[in-house]
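I would like the atomic coordinates for the input below:
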Amino acid sequence: MEITIEKGCIADRDAIVQFQVDMALESEGTVLDPATVTKGVETGLRCPEKGTYFVAKVDGIVVGSLFLTKEWSDWNNCDYWWIQSVYVLPDYRGKGVFRMLYKEVERRAVEAGSTCLRLYVDKTNERAKATYRKLGMDECHYLMYEETLR
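Residues are numbered from 1 along each chain as shown. Sure thing, here's the model as predicted:
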């Protein structure tokens, strides 16, 4: 099985939308509105200032994706890179798909002078946490807080 990693493009939109809908249901039991997600993914694909999608393909079929955003660190005078919206089709899990996506982002981050890759994960998602640890990521000392505004 040959896995290729590419920047996502508008042709990948429907696969990425379905991944987000499936990921929310699978990881958090949350049902997302596909029309809203479609608009969100399209915006992410068309507006590079929002971030960058990366997709993993096997035989031209999208089997995994992630969304990369950046956070400016005034402490370190560089961007911290955030990995978001990770999804790999169930039949392709455990086969190196996410590892290849991660390594491509890691390579690009180092080239760009970033000093940090970050992501957040549902605290009950033990499989994902184990995957991230295998790649060399550590649980950091920060807690995350949020206020839902609508």
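
give me phi/psi at Asn77?
When read as degrees, to the nearest 10, the backbone of Asn77 gives phi 50, psi 50.

can you pull out the strands in this structure?
3-7, 52-58, 61-73, 78-88, 116-119 (DSSP state E).

Just send these back as a markdown table, with distance to Gly94 too.
To be clear about C-beta, it is placed using only N, CA and C from the backbone, and glycine gets the same treatment. Putting the strands of the chain into a markdown table (distance: least, CB to CB, whole Å) gives the following:
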| stretch | distance to Gly94 |
| --- | --- |
| strand 3-7 | 13 |
| strand 52-58 | 13 |
| strand 61-73 | 12 |
| strand 78-88 | 9 |
| strand 116-119 | 19 |
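
Point out where this structure drops to low pLDDT.
For the chain, applying pLDDT under 70 flags no range at all.

Please give me every residue in contact with the residue nearest in space to the middle of it.
By CA atoms, centre = their mean, the chain has its centre lying nearest to Leu66, at 2.7 Å. Listed by CB atoms under 8 Å, 6 or more residues apart in numbering, the contact partners of Leu66 are 53-54, 83-87, 98, 101-102, 105.

out of those residues, who's nearest Ala11?
Nearest to Ala11 out of the contacts of Leu66 is Tyr53 (CB to CB; 11.4 Å).

My read is that the closest one contacts Glu42, right?
No: between Tyr53 and Glu42 there is no contact under CB atoms under 8 Å: 10.8 Å.

the more surrounded of the two?
Set Tyr53 next to Glu42 and count neighbours by other CB atoms under 10 Å: Tyr53 wins out with 22 against 14.
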